[in-house]
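*Asks:* any chance you can model this:
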Amino acid sequence: MTDQTVIYRSMNDGEERAVCRLVARVFADFVAMLYDPQGVREFLAYAADFDQLRERLQNNHFVLVAETQGRIVGAIEVRNCDHISLLFVEGELQRKGIGNGLWRRALVSCLANRPEVAKITVNSSPNATEAYQKLGFQAEGPEQTENGIRFVPMAFAVQSSGGG
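*Replies:* Numbering: from 1, shown residues only. A predicted model of the protein is given here:
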């Protein structure tokens, strides 16, 4: 796709379905094949249930979206301003800076709301570790599996000087 304007903003009420559909679609295309059936069920029960997303937003979670041509093409969900729960970008738009744009804006929001945060963590799917490394995250341990979900624990060290 050629140069398009990407708008980054907070998810609006009523967009939970669109965000959950995006996450489920990208997960199916890029991650699901790495998980056993239990892991796929477990992930989708968390990530593709828009009622649960709405509930999480009431409990220290926030979601930012990337939109282009009126369509949500990326989303990041952050818990307690110190853990990325979800970060997904449409397949055809990956490696075009949208994930970076979402992450950088989420980081600013986290530091504005919790300036004392020393690190932000993520449980990266095995195929996303390189992308997270490019965003400044480092592995904090080997790959693990919980409830069929494979992940590498990673963390971004927040500079006390406000760098980022």
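
*Asks:* switch to C-alpha atoms for all contacts and neighbour counts from now on
*Replies:* OK.

*Asks:* can you get me a residue count around F62?
*Replies:* Using other CA atoms under 10 Å, F62 has 23 neighbouring residues.

*Asks:* beta partners of it?
*Replies:* V78 (DSSP bridges).

*Asks:* could I get the pLDDT score of it?
*Replies:* Listed pLDDT for F62 reads 97.

*Asks:* would you check how far apart Q138 and I84 are?
*Replies:* Distance of Q138 to I84, computed by CA to CA, to the nearest Å: 14 Å.

*Asks:* looking at those two, which is more packed in?
*Replies:* I84 (23 against 19).

*Asks:* who's that one bridged to?
*Replies:* V78, V122.

*Asks:* does it touch V122 like I think?
*Replies:* Yes: using CA atoms under 8 Å, I84 is in contact with V122, at 5.0 Å.

*Asks:* contacting residues for F27?
*Replies:* Each residue near F27 by CA atoms under 8 Å, 6 or more residues apart in numbering is listed here: F88.

*Asks:* how far off centre is the helix or strand harbouring it?
*Replies:* Taking DSSP states H and E as the criterion, F27 maps to helix 16-30. Relative to its chain's centre, helix 16-30 lies at 11 Å (CA atoms, centre = their mean, to the nearest Å).

*Asks:* does F156 touch V117 like I think?
*Replies:* No: counting by CA under 8 Å, F156 sits too far from V117 to count as a contact (10.5 Å).

*Asks:* which parts of this protein are strands?
*Replies:* With DSSP state E as the criterion, the chain has strands at 7-10, 61-68, 71-79, 83-89, 119-124, 138-139, 144-146, 149-157.

*Asks:* avg pLDDT for the shortest one?
*Replies:* So that's strand 138-139. Here the average pLDDT along strand 138-139 is 98.

*Asks:* so which residues make contact with it?
*Replies:* With CA under 8 Å, 6+ apart, strand 138-139 has contacts from T129, Y132, V152, P153, M154, A155, F156.

*Asks:* please repeat the previous calculation with a cut-off of 10 Å.
*Replies:* Strand 138-139 has contacts (CA atoms under 10 Å, 6 or more residues apart in numbering) with 121-124, 129-130, 132-133, 152-157.
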